[in-house]
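> this one's structure only:
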DNA sequence: ACTGATTACAGCGCACGGGT
DNA sequence: ACCCGTGCGCTGTAATCAGT
């Protein structure tokens, strides 16, 4: 719960926040009540009380931007429980890694209600409205890849939401490597006919789609959906483990879920083609 | 009051490691 | 093979605290 956080107050880093917690002040309400009398004067200035009162207001307004701008980037994961209901999980496909020379082909977004795709040349522009529904966006390595890539093509579409980069979060608890490696390290995901595909196959599938292969786009969408579908599980694992490692505080655990994507069609013969060497 | 220890923070430069 | 955001270690500075 974000209301246990004090790191958005200027001058409060990890050590001072820990001291506040150790004094039994586990929430903004504790901080504003008589309980906080025990704190040293420098941890309870009028300015700080003002910021905490403001935080209470901003949270009840659901103003995620206030916290996005005030919190250190590495601590934005703390927003997850409070904005859980309005969190979107996002993954994109492109024709290459360099956004200056590559095309944005597909954006996939999943949330509690399911999965949606936005395809270049079809409905990509609808993403602008779709993204505005969310307070929070979770990606894997999105701060280096997905977010700048999308902004390059669609402009400042993330202006109203905060972004959590799951890759950084997972690395903090000792999991590094690509998404598929971490999925298998953590036992997340399911056996799937598409497991053998890589990001480069997404590039090839898009080319086939443009050449008129009608199997390619559905299979690309399904590939994207399976990547996105793992993000919520990985997020709760990372969140709960980080919360556990902090020890004493007022953060609660978050539930896990997996968006249903098995109804999305794909073409096994295309996958066989792609995974056959020399194709 | 003074002192030394601790803490936060900003500005460096640098190496790393993911994405398609 | 490319890009580049991130985070690390390092430095100096300023503020604060705890103990004397």
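Great, that's in hand. Just so we're clear, the structure is a prediction, and the values are computed from it rather than from any experiment. Numbers count the residues shown, from 1 in each chain, chains lettered A, B, ... in the order given.
> give the contact list for residue A:182.
By Cβ atoms under 8 Å, 6 or more residues apart in numbering, the contact list for residue A:182 reads A:170, A:175, A:176, A:188, A:234. For every residue, glycine as well, the C-beta is placed using N, CA and C.
> Over to residue A:5?
Contacts for residue A:5 (Cβ under 8 Å, 6+ apart) come out as A:17, A:71, A:75, A:78.
> repeat that with 7 Å
residue A:78 (Cβ atoms under 7 Å, 6 or more residues apart in numbering).
> pLDDT at it, what is it?
Predicted confidence (pLDDT) for residue A:5: 90.
> gap between it and DNA strand C?
Using Cβ to the nearest atom of the strand, to the nearest Å, one gets 17 Å for the distance from residue A:5 to DNA strand C.
> go on, residue A:146?
11 Å.
> quick one: low-confidence ranges for chain A?
Along chain A, segments meeting pLDDT under 70 span A:37, A:247-250, A:277-279.
> Who does the residue sitting nearest the centre point of it form a beta bridge with?
By Cα atoms, centre = their mean, chain A has its centre lying nearest to residue A:138, at 1.0 Å. Residues in a beta bridge with residue A:138, per DSSP bridges, are residue A:89, residue A:164.
> returning to what we had before: give me the PyMOL select line for the contacts of residue A:182, limited to the buried ones.
With 16 or more other Cβ atoms under 10 Å as the criterion, this PyMOL line picks the buried residues out of these:
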select buried, chain A and resi 170+175+188+234
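> ok, residue A:128 - contacts?
Here residue A:128 is in contact with A:154, A:157 (Cβ under 7 Å, 6+ apart).
> May I ask which helix or strand encompasses it?
If you go by DSSP states H and E, residue A:128 is part of helix A:127-131.
> Same list (the contacts of residue A:182) but as a markdown table, adding secondary structure.
Below are the contacts of residue A:182 laid out as a markdown table (DSSP: H, G, I helix; E, B strand; the rest coil):
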| residue | secondary structure |
| --- | --- |
| A:170 | helix |
| A:175 | coil |
| A:176 | coil |
| A:188 | coil |
| A:234 | helix |
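> Most widely separated two among the contacts of residue A:182?
A:176 and A:188 (15.3 Å; Cβ to Cβ).
> does any part of stretch A:198-208 sit near DNA strand C?
No. Using Cβ under 7 Å from any atom of the strand, stretch A:198-208 never reaches DNA strand C; the gap is at least 8.1 Å.
> now that stretch, how far from the chain's geometric center?
When distances are taken as Cα atoms, centre = their mean, to the nearest Å, stretch A:198-208 is centred 24 Å away from the chain's centroid.
> List the contacts of it.
A:93, A:95, A:96, A:105, A:216, A:219, A:220, A:223, A:274.
> among those residues, which ones are buried?
Using 16+ other Cβ under 10 Å, the buried ones in the contacts of stretch A:198-208 are A:93, A:95, A:105, A:216, A:219, A:220, A:223, A:274.
> three-state assignment of the third one?
Three-state assignment for residue A:105 (three-state DSSP): strand.
> Close to DNA strand B: what parts of the stretch 51-200 of chain A are there?
So the stretch 51-200 of chain A meets DNA strand B at A:91-98, A:140-141, A:144-145, A:167, A:171, A:176-180, A:198-200 (Cβ under 7 Å from any atom of the strand).
> is DNA strand C contacted by the helix or strand containing residue A:21?
Residue A:21 belongs to helix A:14-22 when assigned by DSSP H and E. No. Figure legend: helix A:14-22 not in contact with DNA strand C (Cβ under 7 Å from any atom of the strand); closest approach 8.2 Å.
> Show me the contact partners of the following helix or strand past that helix.
Using DSSP H and E, the helix or strand that follows helix A:14-22 in sequence is helix A:28-32. Helix A:28-32 is touched from outside by A:3, A:25, A:36, A:49, A:52, A:53, A:55, A:56, with contacts defined as Cβ under 7 Å, 6+ apart.
> Put together a markdown table for those residues, with secondary structure, distance to residue A:155 and neighbour count on each row.
Listed next are the contacts of helix A:28-32 as a markdown table, based on DSSP: H, G, I helix; E, B strand; the rest coil; distance: Cβ to Cβ, whole Å; neighbours: other Cβ atoms under 10 Å:
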| residue | secondary structure | distance to residue A:155 | neighbour count |
| --- | --- | --- | --- |
| A:3 | helix | 33 | 20 |
| A:25 | coil | 42 | 24 |
| A:36 | helix | 44 | 19 |
| A:49 | helix | 39 | 14 |
| A:52 | helix | 35 | 21 |
| A:53 | helix | 35 | 13 |
| A:55 | helix | 30 | 23 |
| A:56 | helix | 33 | 15 |
